[in-house]
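1. Predicted model and sequence follow; I will ask about them next.
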Amino acid sequence: MSAFASDPGLDEVHDAAGHGAEVDVAVHLHNGTVRLSILSAQEILLTADDANQVAQALQHAAEQARRITATRGPDRSTST
């Protein structure tokens, strides 16, 4: 079972150039780090709407990460 929780709202975000790349934003549920992954490529071209979805997902992940780290205590380890 993964310690990362991905944003399901990004399931439909794909490379605008049609190369099959996908993007994933996830929060590590134990240490509150945020992972941004570009799957199947080194870069991804996004439409304006998809870029907005990714930005919103990152903001949501940052909020989740802050809640996790606020309740976690003084240990600030970022190991996975």
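-> Arrived safely.
2. Excluding chain neighbours, what is closest to the residue nearest the centre of the chain?
-> With distances taken as C-alpha atoms, centre = their mean, the chain has residue 25 as the residue nearest its mean C-alpha position (1.3 Å). Spatial nearest neighbour of residue 25, chain neighbours left out: residue 57 (4.1 Å); criterion: C-beta to C-beta, 6 or more residues apart in numbering. Just so you know, the C-beta spots here come from the backbone N, C-alpha and C atoms, and that holds for glycine as well.
3. what does residue 20 give?
-> The spatial neighbour of residue 20 that comes closest, neighbours along the chain excluded (C-beta to C-beta, 6+ apart), is residue 40 at 5.6 Å.
4. who touches residue 67 in this structure?
-> The neighbourhood of residue 67, defined by C-beta atoms under 8 Å, 6 or more residues apart in numbering, consists of residue 32.
5. gap between it and residue 61?
-> Residue 67 sits 11 Å away from residue 61, taking C-beta to C-beta, to the nearest Å as the criterion.
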